[in-house]
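Trainee: The sequence and its predicted three-dimensional model are supplied below.
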Amino acid sequence: MNSTSFDYVIVGAGSAGCVLANRLSADPGLRVLLIEAGGSDDRFLIKMPLGFLRALFDPSLTWGYSSEPEPTLGGRVVWLPRGKVLGGSSSINGMFYMRGHSGDFDGWAAMGCAGWSYAEVLPYFKRMETSWRGANRWHGAEGPLRVMPIDTRRLMHTPLMDSAVAAGFATTEDIHGAVEEGFSRGEITVDARGRRASTSRAYLKPVLGRPNLTVVSGALVTKVVIENGRATGIEYRSGNAPASVETARAEREVILSGGAFNSPQLLMLSGVGPAEQLRALGIDVRADLPGVGRNLSEHARVPVEFATKGDISFLNELRADRVARSVVQWTVLGSGVFATQINSCNIVLRTDPRLAQPDVQLMSNPVRMDAKIWWPLFGARQEHRVTADAVVLHPESRGHVTLRSANPVDKPRIQLNILATDGDMATARRGVRLARRIYATAPQSALIDREISPGLAVQSDADLDAYIRARAGVTQHPVGTCTMGVGPDAVLDPQLRVRGVAGLRVVDASIMPTVPGGNTNAAVIMIAEKAADMILGRTLPPDTGRPDAARRAAIVPELMES
């Protein structure tokens with residue numbers, strides 16, 4: 001074995017790992033290793049924002065994960081793309097920027113996660129971003145991560161905003177500001193040159209010249225070395241010599257940042273997890289932690305699709321000659337329709353006014369999700385459609401991640417178990433009915449010809465349930481499999497230290513006790529920013545501008561039927 005020594009060894013150069021590498025290596029006295037299984041993110045499909053629609057399907061950029069057959073979805077297997085590349089999933093995701101509701105983080109604190117209330121995490125959200133809004137009570141203007149508004153000029157944004165008012169819903173200029181719900185313009189992590197602002201580009205590349213930072217890519221970590229109850233390093237196989245095993249020693253800590261699937265897998269391969277399961281696979285138990293791999297939470301989404309009156313959707317921009325022009329415009333100027341996302345409107349709502357915070361998000365897009373580039377005068381043209389997928393923001397259902405075998409190359413077993421409770425199904429039904437109501441309200445209704453799916457024949461709870469189970473998917477927001485907390489199933493303490501093993505932390509989406517009510521990438525970056533301070537023995541003071549109940553929307557429509 002070849003061995004090298006560092007102060008900190010970070011496993012996974014994704015949304016969290018790149019942040020940690022930047023912040024820890026800022027101290028020239030610390031030697032930091034960042035190790036990643038994937039390769040370079042210097043790819044056209046990664047840099048160009050709209051390229052994510054293809055990057056997600058590129059097997060060279062992902063781990064190729066799928067769920068086990070899902071009993072709650074009629075035995076269907078759900079596709080689960082996770083980034084296997086520098087930047088991780090921040091290099092292939094939709095770049096949507098949402099922190100989650102302030103109540104999400106206060107909920108973590110109420111569950112025993114001291115230090116994770118909204119007032120305590122807001123300073124880290126502000127530190128990480130350079131917001132297009134500038135510095136204010138809610139936002140920062142000097143962080144590594146550039147946050148820009150979606151250019152909605154060709155995305156049918158205005159009719160939805162006008163329909164919100166007509167339907168009695170709130171609108172907000174800033175979903176992270178004074179009103180945390182309603183209809184608003186979406187935001188994305190894209191830099192001033194129109195390039196994707198992944199954590200690799202925002203955090204890692206600016207500091208690659210630091211002599212105390214080593215980055216190794218194309219290397220699969222197979223084990224955390226645990227000696228006398230302490231993590232002392234890792235074993236890994238490099239891509240160009242898969243048969244050989246190399247080691248890296250961690251004088252201070254090993255930090256796992258592999259995400260909600262890979263971090264629990266590596267813990268279990270290293271002997272940290274449910275003892276009976278590990279022994280059954282011939283793995284020596286180092287710490288019996290039954291919570292490893294449990295508590296998997298994901299946002300279920302249900303597609304709702306409408307045909308438009310006339311050829312008015314974003315499909316117009318996918319005509320081959322216009323695509324070529326847009327690619328050139330993005331390459332040269334960093335602008336145009338390929339330099340942004342294709343979200344019409346960020347819709348985050350309570351379907352019941354008695355709820356403390358929104359329970360449904362509508363992913364409203366001005367195009368069908370199977371849209372293809374087309375050539376005028378050649379071949380059949382697709383029908384123009386728009387979509388409004390209903391997302392269950394606070395699921396009760398929980399899944400799990402387990403080992404398939406003791407071989408690190410074998411993919412883990414992932415059981416999502418989404419929509420397993422009556423409450424989650426009721427929320428999904430209300431979400432579908434909410435989408436129907438909004439798209440049937442003028443002026444949006446004037447653009448709609450008919451409902452494609454579920455279809456107006458699907459009205460009863462039973463029929464909607466059948467449709468939901470046949471068509472539901474997920475939003476690629478898995479969390480919770482190495483959850484922090486204080487109960488018997490908590491894997492980590494609130495400092496993100498693995499219970500029962502010294503010198504070992506987990507810093508990624510797997511630490512979340514519950515999934516935030518929004519896209520999760522921003523919350524993961526915040527977690528890494530805060531974790532870096534924890535590791536270095538410091539913290540930012542809580543934000544004294546704590547929001548109050550006035551942040552809720554003043555107007556909530558009547559109770560939606562269940």
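Mentor: Nice, thanks for sending it over.
Trainee: Residue 275 contacts residue 284, doesn't it?
Mentor: No - assessed by C-beta atoms under 8 Å, residue 275 is found out of contact with residue 284, at 10.2 Å. C-beta coordinates here come from the backbone N, C-alpha and C atoms, glycine included.
Trainee: Looking at those two, which one has more neighbours?
Mentor: The neighbour count for residue 275 versus residue 284, taken as other C-beta atoms under 10 Å, is higher for residue 275 (16 against 9).
Trainee: Parallel or antiparallel, list what pairs with the strand of greatest length in the chain.
Mentor: Looking across the chain with DSSP state E, the single longest strand is strand 241-256. Strand 241-256 has its sheet partners listed here by DSSP bridges as strand 2-11 (parallel), strand 230-238 (antiparallel), strand 504-506 (parallel).
Trainee: Measure how the next helix or strand after it sits relative to strand 230-238, angle-wise.
Mentor: Sequence-wise, the next helix or strand downstream of strand 241-256 (DSSP states H and E) is helix 259-269. Inter-element angle recorded for helix 259-269 and strand 230-238: 110 degrees (by axes from the mean of the first three to the mean of the last three C-alpha atoms, to 10 degrees).
Trainee: which helices and strands does the following helix or strand past helix 259-269 pack with?
Mentor: Counting by DSSP H and E, the next helix or strand C-terminal to helix 259-269 is strand 272-273. Packed against strand 272-273, as judged by 3 or more C-beta pairs under 8 Å, 6 or more residues apart in numbering; DSSP states H and E, are the following elements: strand 287-288.
Trainee: Show me what the strand it packs on is in contact with.
Mentor: 226, 271-275, 498-501 (C-beta atoms under 8 Å, 6 or more residues apart in numbering).
Trainee: pLDDT below threshold where in the stretch 451-562 of the chain?
Mentor: 545-562 (pLDDT under 70).
Trainee: Which parts of it are strands?
Mentor: When secondary structure is read from DSSP state E, counting those that start in this stretch, the stretch 451-562 of the chain shows strands at 473-474, 504-506.
Trainee: name the helices or strands packed onto the shortest one?
Mentor: The helices and strands touching strand 473-474, judged by 3+ C-beta pairs under 8 Å, 6+ apart, are strand 300-302.
Trainee: Remind me what the following helix or strand past the strand it packs on packs against, helices and strands.
Mentor: Proceeding N to C from strand 300-302, the next assigned helix or strand is strand 305-308, under DSSP H and E. Applying 3+ C-beta pairs under 8 Å, 6+ apart, one finds that strand 305-308 makes contact with strand 385-392, strand 448-453.
Trainee: quick check: mean pLDDT across the helix or strand just after the first one?
Mentor: When you say that, I think you mean strand 385-392. Note on strand 385-392: by DSSP H and E, the next helix or strand toward the C-terminus is strand 400-402. In this model, strand 400-402 has an average pLDDT of 98.
Trainee: Need the residues that contact strand 400-402.
Mentor: Taking C-beta under 8 Å, 6+ apart as the rule, strand 400-402 contacts 260-261, 264-265, 268, 277, 293-296, 412-415, 417, 481.
Trainee: what's the offset of stretch 217-225 from the middle of its chain?
Mentor: Centroid separation between stretch 217-225 and its chain, computed with C-alpha atoms, centre = their mean, to the nearest Å, is 23 Å.
Trainee: and it, which residues are buried?
Mentor: 217, 219-225 (16 or more other C-beta atoms under 10 Å).
Trainee: which residues in the stretch 51-200 of the chain form strands?
Mentor: 65-66, 79-80, 129-131, 145-149, 182-184, 187-188.
Trainee: Mind giving me the packing neighbours of the last one?
Mentor: If you count contacts as 3+ C-beta pairs under 8 Å, 6+ apart, strand 187-188 packs onto strand 145-149.
Trainee: Do me a favour and average the pLDDT over the strand it packs on.
Mentor: Computed over strand 145-149, the mean pLDDT rounds to 98.
Trainee: List the pairing partners of that strand within its sheet, with orientation.
Mentor: strand 129-131 (parallel), strand 187-188 (antiparallel).
Trainee: among the ones you listed, which is nearest residue 461?
Mentor: Evaluated over the strands paired with strand 145-149, closeness to residue 461 peaks at strand 187-188, with 35.2 Å, by C-beta to C-beta.
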